[in-house]
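> Okay, predicted coordinates and the sequence, questions at the end:
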Amino acid sequence: MRRLLGVLATRLNRAKIVCALGIVVLGIVACDGGKGPSGQAGGARSSGGTTNAGGTSSTGGIATGGVTSAGGASSTGGITSGGATSAGGATAAVGTAATGGSQIDAGVDAPVDSPDAGGDSSSARDGASDTSVNLDAAPDVLGDSATDSGAGSGLWSMGYYAGYDSTSYPVSAIEWAGMTHIAVAFYSPTATGAFDESLSQGSAAQGTSLGHAIVTAAHAHGVKAVASLGGADSRTQFLAATASGVRDTFVGSIVKLATDYGYDGMDFDWESLETADEPVLVDVMQKVRQRAPGLLLTVPVGIINKNMPGDLSGYAAMAAAADQLNIMSYGAAGAWQGWKSWHSGALYQQDSATPTSVDSSVKAYVGAGVPKAKLGIGIGFYGLCYTPPVTGPEQALNGSTVAASDGDISYAKIMTSYYSASAAEWDAFARVPYLSFAKATGPMGCGYISYDDDRSIGEKGAYLKAQGLGGVIMWEINEGYIATAPAGQRNPLLTSIQQHVLQ
């Protein structure tokens, strides 16, 4: 979800200062003089096109708690990571005891497994070990209205299915075991309060056929079906559909859409959702709830950039009206002035030049009053490709650009056109894999590719269980489909989610 922060004029007046300090909010300020986003941005999903590497927008948001300590830092949620636990519930790493040594800031971010005792590393990153999280201490997750009975863990796993990409991933090929919910994207609101139901299929009839096919198949496999409304750059459409005199019609159209297809829920992908829009969305959801009490209501929300505070004060009310708020924690980096190269979906962040992560975003939303049991995190089924001279994370850009993202470098393409064991690396701090190449490699000429795999999904699954979060979303499952793989192994990331999240 892309979200503008504050008043545009004020923000633009501060652009030069912001860029000089290296605190760009996911491309909200175009420091290099380039234009803003035309596709997916800062964790938001695109509507089937490519990503504009020149800059993207996030929800903005507020940083909760300080910066990473070089000598060792606190873990999240009071999870012990080989150090001594401080009074604030944060874990002290070696060399940063809760008493006596350097004071641990209760908001400092570090991996759940901070440096092991006796480690000789001089930094939290270099000293990070691979100790797994103790899930026995994970709190129970509430909110059964947002989960599917087939999920042994009680967590939800909602995969977005891109209607515009149905030819490369037919409904008959969907592997359902990794999902409790499937979100069909996208139904576009219209100025009359109705919907464009074509799903980018060419006609409403074709879209209707695809929608019914997905709902029928989902229910046959014990998976709930959700209609995703809006998508990238849909704010104008939402504003028209929710205007005075039209809003009640729009509410009726939502209920009718659910009834006509048998959808179990509605996903409000209002992009960009500005502060002034939030009460409107809350009002719509409340009215839908009155008309259809059993309908699941979900809202995808943006990754948080810790460098610039944003107004999250309306999100507690939004969470009260919805069953799920899901953080679009993928595609959360770019070749922007003031940034270093970074990961698409880092679990933890490093510094102000790499200011996005799952953990810092979770803290921001929880701090704003969103209940953990209603909060989900995102897993991308695509990656980010940086061109040389960048060959890994946290490197100066020196002219590197993001040559491919959502729609251009799917997980399937990464595995079939780029992956090799010799290029594979693991970031022990951010808890994600990446590929590193000495020279431009593959169709997009990549020097560094960030993506998610089985191991990073395991880390995120352990994190969300330990934190008591509600579940995960995936954008989008079409991009994980490897047609040439053996049957039952053609969407391996769904298998990973089934094993690491739903069990």
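Everything's here; your move.

> Kindly list the main-chain dihedrals of the residue nearest to residue 482 when sequence neighbours are not counted?
The spatial neighbour of residue 482 that comes closest, neighbours along the chain excluded (C-beta to C-beta, 6 or more residues apart in numbering), is residue 412 at 4.7 Å. Backbone N, C-alpha and C define where each C-beta goes, glycine included. Main-chain dihedrals, residue 412, degrees, to the nearest 10: phi -60, psi -40.

> For residue 348, what is the enclosing helix or strand?
Residue 348 is part of no helix or strand, with elements assigned from DSSP states H and E.

> what pLDDT does it get?
Confidence at residue 348, expressed as pLDDT, is 98.

> circling back: correct me, but the residue nearest to residue 482 touches residue 476?
No: applying C-beta atoms under 8 Å as the test, residue 412 and residue 476 come out as separate, 11.8 Å apart.

> The two: who's more crowded?
Neighbour count, other C-beta atoms under 10 Å: between residue 412 and residue 476, residue 476 has more, with 27 against 24.

> I figured that one was touching residue 161, is that so?
Yes: using C-beta under 8 Å, residue 476 is in contact with residue 161, at 6.6 Å.

> what about the strands in the stretch 151-300 of the chain?
For the stretch 151-300 of the chain, the strands defined by DSSP state E, counting those that start in this stretch occupy 156-162, 181-189, 195-196, 224-231, 265-270, 296-302.

> Turn these into a markdown table, columns for mean neighbour count and mean pLDDT.
Shown next, in a markdown table, are the strands of the stretch 151-300 of the chain (neighbours: other C-beta atoms under 10 Å; pLDDT from 0 to 100):
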| stretch | mean neighbour count | mean pLDDT |
| --- | --- | --- |
| strand 156-162 | 28 | 98 |
| strand 181-189 | 26 | 98 |
| strand 195-196 | 18 | 98 |
| strand 224-231 | 25 | 98 |
| strand 265-270 | 26 | 98 |
| strand 296-302 | 27 | 97 |
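
> between residue 476 and residue 161, what contacts are shared?
residue 185 (C-beta atoms under 8 Å, 6 or more residues apart in numbering).

> residues in contact with stretch 409-417?
Contacts of stretch 409-417 (C-beta under 8 Å, 6+ apart): 381-385, 435, 442-444, 446, 449, 451-452, 478-484, 493.

> Can you say which of the residues you listed are buried?
381-385, 435, 442, 444, 446, 449, 451-452, 478-482, 493 (16 or more other C-beta atoms under 10 Å).

> Take the residues you listed and keep only those in strands.
384, 385, 435, 446, 449 (DSSP state E).

> so where is this structure shaky, pLDDT-wise?
Across the chain, the ranges flagged by pLDDT under 70 are 1-151, 309.

> By residue count, what's the longest helix in it?
Longest helix in the chain, counting residues (DSSP state H): helix 204-220.

> Buried residues in that helix, which are they?
Under the neighbour-count criterion of 16+ other C-beta under 10 Å, helix 204-220 has 206, 207, 208, 210, 211, 214, 215, 217, 218 buried.

> which residues touch the last one?
By C-beta under 8 Å, 6+ apart, residue 218 lies in contact with 176, 182, 224, 225.
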